[in-house]
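Trainee: mind folding the following:
(2 chains)
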Amino acid sequence: MNACAMDDRRKLLMKLSACQFAQYELVLFLDTHPNCAEAMEALNMHRANAIRLRDEYECKYGPLSNPKANGKHWCWTCDPWPWEYISPNGGCGCFTPSMGARGSKGACR
Amino acid sequence: MWSYEKKLQYPVNIKNPNPKLAQMIISQYGGPDGELGASMRYLSQRYAMPYAELKAILTDIGTEELGHLEMIGAIVHQLTRNLSREQIMNSGFAPYYVDHTAGIYPAAASGVPWTAAYMQSKGDPITDLHENLAAEQKARTTYDNILRMCDDPDVRDPIKFLRAREIVHYQRFGEALRLTTDRLDERNFYAFNPAFDK
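Mentor: This next block holds a predicted model:
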């Protein structure tokens, strides 16, 4: 994967992470404020956004959880893993967008 | 049951290895106020909790702490990659290296291996919540100590994220304590165990 594609991957992952972070925050808040309708509404909104971003990410860059790893190629085993350093000029693993997260190009929305 | 997400809660990407820093930061993996102790503490305390909000907050914060453990592992791993003999010899990392090479092992910065004695699960909600409030602040202090000794922005950034989470968790545990005392007789909050004495 080249530097440009890696940067796009990182940006999309950051967008998803920001959205998931908002969810974690709201979940903890709701644990101690279970009747807060405003927080519940915000959580539902972030959840919907996260589903969309997650689908987009998994379609382009591979599965984030192993139930999503299917198709002909077991792409769960592909690098990179989350703890690995990724150099600015790429250095990424075997997953290519053409495989598709679900094993075929057609599955990508 | 847990499921794994192939991503960190907050990104870690450190350009420059620095074993000296790794030697300090490993404490938040397996030290007295580290993330391993935090996750084990909260996830173990859940069972004796009598109130639904408390079961939820301990489950959710305990789960987040597992994600923080992974972030600290990633920081130490990236700080210790491609080390030369000289870097190991001159950094203070040599004692850790002899025992674990560049593997991740839960130990304190002082080298003491992780022990369950770092945490407590007392089976008493008020006791356990006070333990947790103290634990969050002790972790925040440790992150402050790390930040004072660390100039690398690639490392400071995720450490600052983790420090901020300690403060949010403290807030939530404070609310959990209030939810607990709200259910009890204010004349004897601290004289009995609401999970055991009926």
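Trainee: give the rounded mean pLDDT of stretch A:52-71.
Mentor: Averaging the model's pLDDT scores along stretch A:52-71 yields 89.
Trainee: list the buried residues in it.
Mentor: Of the residues in stretch A:52-71, those scored as buried under the neighbour-count criterion (16 or more other CB atoms under 10 Å in any protein chain shown) are A:53-54, A:56-64, A:68-69. From N, CA and C alone the C-beta is placed, and that goes for glycine too.
Trainee: which ones among those residues map onto helices?
Mentor: Where these overlap with helices, as defined by DSSP state H, the overlap consists of A:53-54, A:56-61.
Trainee: could you dump those into a markdown table and include distance to chain B?
Mentor: Compiled in a markdown table, these are given as follows (distance: CB to the nearest CB, whole Å):
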| residue | distance to chain B |
| --- | --- |
| A:53 | 12 |
| A:54 | 9 |
| A:56 | 14 |
| A:57 | 9 |
| A:58 | 10 |
| A:59 | 15 |
| A:60 | 14 |
| A:61 | 10 |
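Trainee: out of those residues, who's nearest residue B:127?
Mentor: Taking CB to CB as the measure, residue B:127 lies nearest residue A:54 of these, at 39.8 Å.
Trainee: what about the closest residue to residue B:70 other than its chain neighbours, helix or strand, and which?
Mentor: In space, and not counting its chain neighbours, residue B:70 is closest to residue B:8: 6.2 Å by CB to CB, 6 or more residues apart in numbering or on different chains. Using DSSP states H and E, residue B:8 falls within no helix or strand.
Trainee: show me the contacts for residue B:8.
Mentor: Listed by CB atoms under 8 Å, 6 or more residues apart in numbering or on different chains, the contact set of residue B:8 reads A:17, A:82-83, B:67, B:70-71, B:74.
Trainee: ok, residue B:10 next?
Mentor: A:17, A:21, B:71, B:158, B:161-162.
Trainee: so the residue of chain A positioned farthest from its centre, which state does it fall into?
Mentor: Summary for chain A: using CA atoms, centre = their mean, the residue whose C-alpha lies farthest from the chain's mean C-alpha position is residue A:35, with a distance of 29.8 Å. In the three-state summary, residue A:35 is assigned as coil, counting by DSSP: H, G, I helix; E, B strand; the rest coil.
Trainee: list the contacts for the residue nearest in space to the middle of chain B?
Mentor: Nearest to the mean C-alpha position of chain B, counting by CA atoms, centre = their mean, stands residue B:35 at 2.1 Å. By CB under 8 Å, 6+ apart, the contact set of residue B:35 is B:28-29, B:65-66, B:68-69, B:71-72, B:139.
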